[in-house]
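Asks: with the sequence up front, the predicted model follows.
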Amino acid sequence: MTTVRSDTPPFVPTPVVRLDVPAGWEPLVLPDALVAVAETEQQGPFRANVVVTVRRIATTADGSAALSLAVEQNTAALEAAERWAELGSEYRTVLGLDGYRVEGAFVMPGVGTVFQALQLATIDHGAVADVIALTATCGADEGERLVPVLRSVLESARLH
């Protein structure tokens with residue numbers, strides 16, 4: 001009998017992401033999150049947070065880039081949000097990899113308008129790719145105070 005382990009080839013381990021957070025923020029344990037942090041004290045109707053997730057997808061037979069697919073899927077989800085208003089987007093380095101960033105605002109039911117910054121990067125493993133999403137969110141009413149903090153936490157993200 002042969003033993004096969006998830007942490008040996010041909011399998012690849014789940015990425016590990018490190019975030020630097022300011023004083024007054026704490027770790028959160030959330031379903032599907034690699035790592036998540038939030039402002040310790042909720043200042044408005046929404047608790048500011050940064051959540052990092054990973055989703056493993058199959059790469060396409062025609063060689064389409066996983067990043068393009070991830071951008072397309074996430075753009076569709078954002079555009080479906082109530083009153084989504086994009087503030088800016090660009091392809092840029094995320095986690096030291098080719099990536100994408102988009103910022104905007106939308107109405108979250110029961111909360112009101114929220115600001116969200118999303119960064120995407122992919123790690124190609126041949127037959128599969130890991131799509132890493134870093135999502136920072138705060139209530140729009142707290143945007144002036146928190147958007148610079150959220151951007152700082154996102155910029156601190158590193159693969160470990």
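Replies: Arrived safely. Numbering: from 1, shown residues only.

Asks: by mean pLDDT, point me to the weakest helix or strand of this protein.
Replies: helix 66-80 (a mean of 91; mean pLDDT, DSSP states H and E).

Asks: who are the packing partners of it?
Replies: Packing contacts for helix 66-80, counted by 3 or more CB pairs under 8 Å, 6 or more residues apart in numbering; DSSP states H and E, involve strand 49-58, strand 97-108, strand 112-124, strand 128-139. C-beta coordinates here come from the backbone N, C-alpha and C atoms, glycine included.

Asks: contacts for the helix or strand that comes right after it next, please.
Replies: Tracing the chain past helix 66-80, the next element assigned as helix or strand by DSSP states H and E is strand 85-94. Residues outside strand 85-94 that contact it (CB atoms under 8 Å, 6 or more residues apart in numbering) are 78, 98-106, 119-121, 132, 134, 157.

Asks: measure the closest residue to Gly112 other than its chain neighbours to Thr113 for me?
Replies: In this structure, Gly112 finds its nearest non-sequential neighbour in Pro45, 5.8 Å apart by CB to CB, 6 or more residues apart in numbering. Note on Pro45: its distance to Thr113, by CB to CB, to the nearest Å, is 10 Å.

Asks: shared neighbours, these two?
Replies: In contact with both Pro45 and Thr113: Gly139, Asp141, using CB under 8 Å, 6+ apart.

Asks: show me the contacts for the nearest residue to Arg101 once chain neighbours are set aside.
Replies: Residue nearest to Arg101 in three dimensions, not counting chain neighbours: Gln119, with 4.7 Å by CB to CB, 6+ apart. Counting by CB under 8 Å, 6+ apart, Gln119 touches Val94, Leu95, Gly99, Tyr100, Arg101, Ala133, Leu134, Thr135, Leu154, Ala157.
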